[in-house]
Structure formats: structure tokens, C-alpha cells
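Asks: quick one: sequence and predicted model below, then my questions.
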Amino acid sequence: MVGVASMKVVKVRRGGNGGNGKEGIESWGGGANLGKNLPTPKEIVKGLDKFVIGQDRAKKVLSVAVYNHYKRIYHASLQKGLADDAGQFSQSKDNENVELEKSNVLLMGPTGSGKTLIAKTLARFVNVPFVIADATTLTQAGYVGEDVESILHKLLLIVTIPEKGGRKHGRGDSVQIDTKDILFICGGAFVDLDKTISERRQDSSIGFGAPVRANMRTGNPTNAMVTSSLLQSVESGDLISYGLIPEFIGRFPILVSLLALNEDQLVEVLTEPNNALGKQYRKLFSMNNTKLHFTENALRLIAKKAMVKNTGARGLRGILESILMEAMYEIPDVKPGSERVDAVMVDEESVGSLDRPGCGAKILRGDGALDHYLSVNAGKDSLAPIGRSEKEAAGETETTSRAMSL
């Protein structure tokens, strides 16, 4: 069941150690311990926008889920007398006996749509421990691969576990964990789930409405944009038909579907976020005192290649590595005079076409080589701006710093 879904499980925990070697939630400054300083859903979304392109609905749903989760935990600590003041979480006495339950989240979307990145950035923003576990490796017995409990072990500070690959036994040390204060965010591509949804909606029928599941199962791969649009209408029954047991689905009341990134959004992934790939490679080249430039047409062609491969944002790094490999090999051998590397340029010729590779990044050697290239190619294409302007960066609010003390 899990092997088919190929899911990743992400946990956002109430407390932790913050990397300082001390146990207990008192030593952790994030999550519910932020108290009345916990960012609001709008502030959380604003923080996510700096790292994640698109997926507005998913950001909104997750921000509300995380905010309510920690609001619930913090209010429970108020009732136990563990917090100083109620702050923004005050309530009437009529609701004192109402017990709030958490709402786990199930993320669905094609590869490279940002499922893991959203969860990872969210955990950093609220400053809590973050763990990713691949559910495809889990076994109930624990003899082969990992067991379910090992996921929770990763959230603990100090824990005694069997040696890697060793057997579990009843006499071994164990740690009891109450998972009611752990918000689980599961995510996966759920390959072919779109076909189950399409059959339910009878979008893939012919003649008098007879389903054609067999033809769909053996057909060509579905376009990522079509897949993600179908996932927007997913229901719990679709996941059960897909092969997940009702007991599992019932524990994930929030179903969130992510859309496949379009061409414009993939270009933004290359240039706009704080950790944009374009910025990363520019920094890498700057360590060798070399400037890296992209033309706008080259970035758009790179985005188109990723779309053709149905790999989304995940495929962008692989394409860039292929284009820049020769340049990264040559640049460390710095040479003086006319052989000195002035800049590295990535244009359309460097990228190639959708069905064939290009010549790779162009290494411009000698003083003024970049200016000469720009004068020769004036009017053909323009250099792409990487990142925000200094004015935009200076006008940014300090929302993130309120919660993220990393």
C-alpha cells in the first residue's frame, strides 16, 4: 500500500533541543513555545512566499493547519499553568471543557511541485524539529528496512535503538512518545491517482460511458498539468480506491493538492526565491571570482525542458548541472592575461533545444570579454535579472525574524 503511494512523512513536533544538547521543551524556542508570538497564517504565508513559488492554496491551508495546531497546544499549556499569559489565545469559560484534536495533512501533487520544500520551509519558519521519512522503506516487523517507530526516534534527542539492521526484541529499551502533539504532514506523487479520479468523474469514458481504465493504465504518461488539475478534485473515496486503507485516510482530514508548475513559475524558481538555483550557481562561480550570467531566453528554454520531462522544479538542477559542467571543470585552473576567465554565459545555444543538448555554458576569456559578447549579441537577447532589486529587499518586513531564529 505504501509502496504504491511512495509517500514521505513529515513531522512538526511541539518541542526539541534546538541543537544545544538539552532535553525538554523549555530549551526549544519554536512551535507552541512561541506563545503569543506565534506568526499568524498570513505571516506564515508571507514567509513561505520567499522560498516557494506558486501553490497559493496549499500555503494557505498549511499555514492555517500549523497555526491551529500550535494554538491548540499553547492553550492546553495555559490550562495546565505552564504558560505565563493567554495573549491572543484567550477564550470564554463556556468552552473550557472542549478538547481540541489535531488535523493531520496529506499533500498530493506531481514530482517537483514543491511538497517537501513547503513542509521543510514551514518547519524552519516556526523553528521546530523537522524530519523526513520515506514510507516506502517501512515494515511492521522491523526485520528488514526501517520500522514505523524509527520515524519518531528521529525526533528524539537521546534514544537507544537497535544497531542498524538489528532485530528488535521485547527486552530492549524503549521510549514512550505521545503523538497527540505531533502534526503529521504526509506527501506523495500518488502516481496514477488521477486516473482513479477521472474514472469516478467519467472524464475518461467513450461510447455510452463505459470506463476505459485498462486503456489508461497502459497508455502514455499523463501530462503533469493534467494530473495536477485532476488531483484538485480528489476525495477520500478516491484514495481508498487507490489502495489506502480507510483507517489511514480517516486520520488525515485535510487533503491538499499541489499544481504542477508552469513555465513562468519554473523561471521564477530559477531566479526569485531566497535560495533560487540561479543565485546558488552564481555564488558557486563567485567563489572563483567568476561572473555567471543567464539570458532570459535561456532560462525560459531550461524551464520548457523541465516541463517536457515532467520533472518540475526537481529537474531544473540536473539541467543546469549538465549545462555548467564543462565551465565548472575549467574555471578552477585560473590563467592570467588573455586566458583569464572574465565571465560564464548561458544563452540559447548553451541550452540547446527541447530534444537535443546544447553546447554548454560559454566561457568568456580575457579582459572585457563579457562586454564584447554583449555588444556582438545586442538586440538578440537580454540578460536575465537574478533575484529581487536592492530596493525590494530593503523594504521587506521583519516577519520571518520574529519566528525564525536559525
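Replies: Done, it's in.
Asks: can you give me the strands for the protein?
Replies: 7-12, 105-108, 130-134, 138-139, 146-147, 183-188, 205-206, 210-211, 254-257, 291-294, 341-346, 352-353, 356-357, 362-365 (DSSP state E).
Asks: which helix or strand in this structure has the lowest average pLDDT?
Replies: Lowest mean confidence among the helices and strands of the chain (mean pLDDT, DSSP states H and E): helix 2-5, at a mean of 32.
Asks: picking up where we left off before, return the most buried member of the strands of the chain.
Replies: With neighbours defined as mean count of other C-beta atoms under 10 Å, those peak in mean count at strand 105-108, which reaches a mean of 26. C-beta here means a position set from N, CA and C on the backbone, and glycine is covered the same way.
Asks: elements contacting that strand?
Replies: In terms of contacts (3 or more C-beta pairs under 8 Å, 6 or more residues apart in numbering; DSSP states H and E), strand 105-108 is packed against helix 56-79, helix 115-125, strand 183-188, strand 254-257.
Asks: need the mean per-residue confidence for the second one.
Replies: Read that as helix 115-125. Regarding helix 115-125, the rounded mean pLDDT is 86.
Asks: output it as PDB, restricted to C-alpha atoms.
Replies: The C-alpha trace of helix 115-125 is given here as PDB (Å, rounded to 0.1, in the frame of the first residue of the first chain):
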ATOM      1  CA  LYS A 115       5.600  19.300  -1.500                       C
ATOM      2  CA  THR A 116       8.800  18.600   0.500                       C
ATOM      3  CA  LEU A 117      10.000  22.200   0.200                       C
ATOM      4  CA  ILE A 118       6.800  23.700   1.600                       C
ATOM      5  CA  ALA A 119       6.900  21.400   4.600                       C
ATOM      6  CA  LYS A 120      10.600  21.900   5.200                       C
ATOM      7  CA  THR A 121      10.300  25.700   4.900                       C
ATOM      8  CA  LEU A 122       7.300  25.700   7.200                       C
ATOM      9  CA  ALA A 123       9.200  23.800   9.900                       C
ATOM     10  CA  ARG A 124      12.100  26.300   9.700                       C
ATOM     11  CA  PHE A 125       9.700  29.200   9.900                       C
END
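Asks: next, the angle from that helix to helix 56-79.
Replies: 40 degrees (axes from the mean of the first three to the mean of the last three C-alpha atoms, to 10 degrees).
Asks: closest one to Leu230 among the strands of the chain?
Replies: strand 254-257 (8.8 Å; C-beta to C-beta).
Asks: need the residues that contact that closest one.
Replies: The contact list for strand 254-257, computed with C-beta atoms under 8 Å, 6 or more residues apart in numbering, reads 57-58, 61-62, 65, 103-109, 228, 231-232, 234-236, 239.
Asks: go again using 10 Å as the cut-off
Replies: 55, 57-62, 64-65, 103-110, 113, 115, 118, 185, 187, 190, 193, 227-236, 238-239, 249 (C-beta atoms under 10 Å, 6 or more residues apart in numbering).
Asks: on that earlier part again, of all the helices and strands packed on strand 105-108, which lies closest to Leu270?
Replies: The closest of the helices and strands packed on strand 105-108 to Leu270 is helix 115-125. By C-beta to C-beta, the value is 14.3 Å.
Asks: so Arg101 touches Leu183, yeah?
Replies: To be clear, residue 101 is Glu; Arg isn't right here. No - using C-beta atoms under 10 Å, Glu101 is not in contact with Leu183, being 11.4 Å away.
Asks: shared neighbours of those two, which are they?
Replies: The contact lists of Glu101 and Leu183 share Arg72, where a contact means C-beta under 10 Å, 6+ apart.
Asks: Ala226: neighbouring residues, count only.
Replies: Just so we're on the same page, residue 226 is Val rather than Ala. 13 (other C-beta atoms under 10 Å).
Asks: and it, what does it touch?
Replies: Val226 touches 110, 194, 198, 260, counting by C-beta under 10 Å, 6+ apart.
Asks: okay, the first one and Arg300: tell me how far apart.
Replies: Going from Pro110 to Arg300 by C-beta to C-beta, to the nearest Å gives 20 Å.
Asks: got it, and Asp264?
Replies: 9 Å.
Asks: between these two, which has more neighbouring residues?
Replies: Using other C-beta under 10 Å as the criterion, Asp264 and Arg300 rank with Arg300 on top: 18 against 12.
Asks: okay, now the nearest residue to the more buried one once chain neighbours are set aside: neighbour count?
Replies: Excluding the flanking residues, the one nearest Arg300 by C-beta to C-beta, 6 or more residues apart in numbering is Val267, at 5.9 Å. Residues lying near Val267 (other C-beta under 10 Å) number 23.
Asks: and the one 5 residues further on, by the same measure?
Replies: By the criterion of other C-beta under 10 Å, Glu272 has 19 neighbours.
Asks: isn't it right up against Ile386?
Replies: Yes - proximity of Glu272 to Ile386 meets the contact threshold set by C-beta under 10 Å, at 8.7 Å.
Asks: what do the two both touch?
Replies: Counting by C-beta under 10 Å, 6+ apart, the shared contacts of Glu272 and Ile386 are 278-279.
Asks: for Ile132, list each beta-bridge partner.
Replies: Val10 (DSSP bridges).
Asks: distance of it from Ile53?
Replies: 21 Å.
Asks: same question, Asp367
Replies: Asp367 is 37 Å from Ile53, by C-beta to C-beta.
Asks: between those two, which is the more surrounded one?
Replies: Ile53 (20 against 11).
Asks: quick one: pLDDT of that one?
Replies: Reported pLDDT for Ile53: 90.
Asks: next one: Gly312
Replies: For Gly312, the model assigns a pLDDT of 86.
Asks: try Leu259
Replies: So Leu259 comes in at 87 (pLDDT).
Asks: tell me the contacts of it?
Replies: By C-beta under 10 Å, 6+ apart, the contact set of Leu259 is 54-58, 109-110, 113-114, 224-225, 227-229, 231-232, 265.
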